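Colleague: Can you look at this prediction? I've put the sequence above it.
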Amino acid sequence: MDYKKLKSGSDIRGTALGEDRVLTEEIAARFGAGFAAWRAKKGAPLRVAAIGRDSRVTGEALLNAVADGLRSAGVDVMDFGLCTTPAMFMSLLTEGFMPDAALMVTASHQPMEKNGVKFILPHGGVSGAELDEIIACAEAAEVSPVLTGALTRRDFLPAYKAFLQGRIRQSLGDVAKPLLGLHVIVDAGNGAGGFYADMLEELGAWVEGSQFLEPDGTFPNHIPNPENPEAMASISEAVKKYGADLGVIFDTDCDRAAIVDHAGREINRNRLIALISAILLNQEPGGTIVTDSVTSSGLARFIAEWGGVHYRFKRGYRNVIDEAVRLNEAGVDCPLAIETSGHAALRENHFLDDGMYLATVLIAEAMRLKQEGKELSSLIADLREPAESVELRLPLHAEDNVLLSRRLIDKIMDCATFAKGWHIAPDNREGIRINFDLNGGLENGWFLLRLSVHDPVMPLNIESDVEGGLKQMAQGLYQVLEGEEGVDLSSLKAFIESQP
């Protein structure tokens, strides 16, 4: 078993169910022991670690295995059972708990047969480089059958729920029912977040129509993923059916969220970023909003119009969060780090990656606006969205795909230097982003080509403010890359041929 194949960004992920499973209980235990060994090597040995899981059918067995690995290394373990990733983060900062580290058994939005482990320290999740070191320690680890560490079963979700309720009272006033009169539908996707509906109801919200709140690791209703069209259609229909003010949907471990407005319109990706940016910039103008690299030009204009600065960075939620932390340490006022996928971290919440906290801030604002006779979505009424957009994936087939991707990017940059109407974006921090002049307009289209964080592909995002712009840009890129070895352009060619 090559443990490196289990690496997925800054997490461990792999098939944990069926004949093809690679993430077994034995390997999970070695990751527990390996994590303890890694902390010891860093001079910060673990005394106590907390561990939780989402609702997956393999979750309990893998949690027990990771716990055994930790305990075999002499680490005392607090077993939170069913929990969320943001709650595991918060346990590190909550009086009465405060373990040295937390581990979450989850594969986030991936299918039921997948599972994994997230490693969390008081400053946040481990980096990709740190995970490489943990993997090396896990490969070398030996799990003793003698478990010298103690095991204590604790329930942290009530404390986390009280924390979220406190954020709503902070915004709306410390009254008994601050959400009285607001109708919110919660879709937990049969993941770990069903308690959120109870939390809102305790504050006075009406939650009739909330769905899939019971944990079920087979995910029988839809994939718990705020980017999944079926999942978003489901929550949208529920909001319209019950006439709710808004709906909120979480992924399995609740570190990502999206909402739909009273009309069932999806507010995710660029709309979600625009919405939380407007709320924060209205409170403190002038802030810098750090996003991933695929955000739209319309979003950049929107943030500027609200008095903020849009700062595009690399894909990967840890990359975005770490850059926001770095900017703040350098004296830049940066209240938010957020990916288009829905990963969001607010400075006011210790830059923890917390979809539930994001949803809570949005719900509090929805209540405040309703008291003024306004809708939450009114805040993004001026967001200009593209006329066309598409994402394609260009597979790579080289011995060194990193080197190949650099060669392709260099070729595009060379072309952009001389091609009329091509402009290398000034905030180009990942791959290559080219702005285009289309149909006589100035910089009213763009594409971004980058190397995937996880897979041997180059995702290509294209966006145009005018009809027919996608085809023009795709044709231009195809002409530049045609004949290059190691890159499969069939999806790009098929897209061009499909356009009128």
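Modeller: Okay, I see it.
Colleague: Give me the contact list for stretch 191-199.
Modeller: 54-55, 82-84, 157, 161, 164-165, 186, 188, 207, 210, 212-215, 219, 224, 248, 250-254, 356, 359 (CB atoms under 8 Å, 6 or more residues apart in numbering). C-betas here are computed from N, CA, C, even on glycine.
Colleague: if I look at the closest residue to residue 421 other than its chain neighbours, how far off is residue 473?
Modeller: Distances taken as CB to CB, 6 or more residues apart in numbering place residue 437 nearest to residue 421, at 3.9 Å, with adjacent residues excluded. The span separating residue 437 from residue 473 equals 11 Å under the rule CB to CB, to the nearest Å.
Colleague: more crowded one of these two?
Modeller: Between residue 437 and residue 473, counting by other CB atoms under 10 Å, residue 473 is the more crowded of the two (24 against 14).
Colleague: With just CA atoms, put whichever helix or strand the more buried one is part of into PDB.
Modeller: Taking DSSP states H and E as the definition, residue 473 sits inside helix 469-481. Once side chains and other backbone atoms are set aside, the C-alpha atoms of helix 469-481 remain, and they are given as PDB (Å, rounded to 0.1, in the frame of the first residue of the first chain):
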ATOM      1  CA  GLY A 469     -17.600  34.900 -26.200                       C
ATOM      2  CA  LEU A 470     -16.900  31.400 -24.900                       C
ATOM      3  CA  LYS A 471     -16.500  30.000 -28.400                       C
ATOM      4  CA  GLN A 472     -14.100  32.800 -29.400                       C
ATOM      5  CA  MET A 473     -11.800  32.300 -26.400                       C
ATOM      6  CA  ALA A 474     -12.000  28.500 -26.600                       C
ATOM      7  CA  GLN A 475     -11.000  28.600 -30.300                       C
ATOM      8  CA  GLY A 476      -8.100  30.900 -29.500                       C
ATOM      9  CA  LEU A 477      -6.800  28.600 -26.800                       C
ATOM     10  CA  TYR A 478      -7.200  25.500 -29.000                       C
ATOM     11  CA  GLN A 479      -5.100  27.100 -31.700                       C
ATOM     12  CA  VAL A 480      -2.300  27.800 -29.300                       C
ATOM     13  CA  LEU A 481      -2.300  24.300 -27.700                       C
END
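Colleague: Next, the buried residues of the helix or strand containing residue 327.
Modeller: Counting by DSSP H and E, the element that carries residue 327 is helix 317-329. Taking 16 or more other CB atoms under 10 Å as the basis for neighbour counts, the residues of helix 317-329 that come out buried are 317, 318, 319, 320, 321, 322, 323, 324, 325, 327, 328.
Colleague: and it, how far from the chain's centre?
Modeller: Distance of helix 317-329 from the chain centroid (CA atoms, centre = their mean, to the nearest Å) equals 14 Å.
Colleague: I figured the residue nearest to residue 421 hits residue 465, correct?
Modeller: No. Taking CB atoms under 8 Å as the definition, residue 437 is not a contact partner of residue 465, at 11.1 Å.
Colleague: Any figure for the gap between residue 228 and residue 94?
Modeller: Noted for residue 228: a distance of 32 Å to residue 94, by CB to CB.
Colleague: Show me whatever sits in contact with both of residue 437 and residue 473.
Modeller: Each of residue 445 lies in contact with both residue 437 and residue 473 under the rule CB under 8 Å, 6+ apart.
Colleague: quick one on the thing from earlier: mind giving me the PyMOL command for buried ones among the contacts of stretch 191-199?
Modeller: To isolate the buried ones among the contacts of stretch 191-199 in PyMOL, judged by 16+ other CB under 10 Å, type:
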select buried, resi 54+55+82+83+84+157+161+164+165+186+188+207+210+212+213+215+219+224+248+250+251+252+253+254+356+359
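Colleague: Cross the contacts of stretch 191-199 against strands and list the overlap.
Modeller: Cross-referencing the contacts of stretch 191-199 against strands under DSSP state E gives 82, 186, 248, 250.
Colleague: Most widely separated two among those residues?
Modeller: When CB to CB is used, the two most widely separated members of those are 82 and 248, lying 19.3 Å apart.
Colleague: Using PDB, write out every CA atom in stretch 423-436.
Modeller: The C-alpha trace of stretch 423-436 is given here as PDB (Å, rounded to 0.1, in the frame of the first residue of the first chain):
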ATOM      1  CA  HIS A 423      -4.200  40.500 -21.600                       C
ATOM      2  CA  ILE A 424      -2.400  38.600 -18.900                       C
ATOM      3  CA  ALA A 425      -4.500  39.300 -15.700                       C
ATOM      4  CA  PRO A 426      -2.600  41.500 -13.200                       C
ATOM      5  CA  ASP A 427      -3.800  39.300 -10.300                       C
ATOM      6  CA  ASN A 428      -2.600  36.100 -11.900                       C
ATOM      7  CA  ARG A 429      -1.500  33.900  -8.900                       C
ATOM      8  CA  GLU A 430      -2.400  30.400 -10.100                       C
ATOM      9  CA  GLY A 431      -2.000  28.900 -13.600                       C
ATOM     10  CA  ILE A 432      -2.700  31.400 -16.200                       C
ATOM     11  CA  ARG A 433      -5.600  33.800 -16.400                       C
ATOM     12  CA  ILE A 434      -6.100  35.700 -19.600                       C
ATOM     13  CA  ASN A 435      -8.600  38.600 -20.000                       C
ATOM     14  CA  PHE A 436     -10.000  39.200 -23.500                       C
END
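Colleague: what's the spacing between that stretch and its chain's center?
Modeller: That offset, for stretch 423-436, works out to 23 Å (CA atoms, centre = their mean).
Colleague: ditto for stretch 440-452
Modeller: When distances are taken as CA atoms, centre = their mean, stretch 440-452 is centred 23 Å away from the chain's centroid.
Colleague: try stretch 118-130
Modeller: The chain centroid and the centroid of stretch 118-130 are separated by 15 Å under CA atoms, centre = their mean.
Colleague: what does stretch 230-245 give?
Modeller: So, by CA atoms, centre = their mean, the centroid of stretch 230-245 is 22 Å from its chain's centroid.
Colleague: Can you show me the strands along the stretch 201-350 of the chain?
Modeller: When assigned using DSSP state E, counting those that start in this stretch, the strands of the stretch 201-350 of the chain occupy the ranges 246-250, 257-260, 266-267, 288-291, 309-312, 336-338, 344-346.
Colleague: Let's test this: name the helix or strand in the protein with the lowest mean pLDDT.
Modeller: Lowest mean confidence among the helices and strands of the chain (mean pLDDT, DSSP states H and E): strand 124-125, at a mean of 88.
Colleague: Name every strand pairing with that one and say which way it goes.
Modeller: Each strand that strand 124-125 pairs with, and the sense of that pairing, follows from DSSP bridges: strand 114-121 (antiparallel).
Colleague: Report the mean per-residue pLDDT for the strand it pairs with.
Modeller: Averaged across strand 114-121, the pLDDT comes to 97.
Colleague: for stretch 193-207, same thing?
Modeller: In this model, stretch 193-207 has an average pLDDT of 98.
Colleague: Repeat that for stretch 13-30.
Modeller: Taken as a whole, stretch 13-30 has a mean pLDDT of 96.
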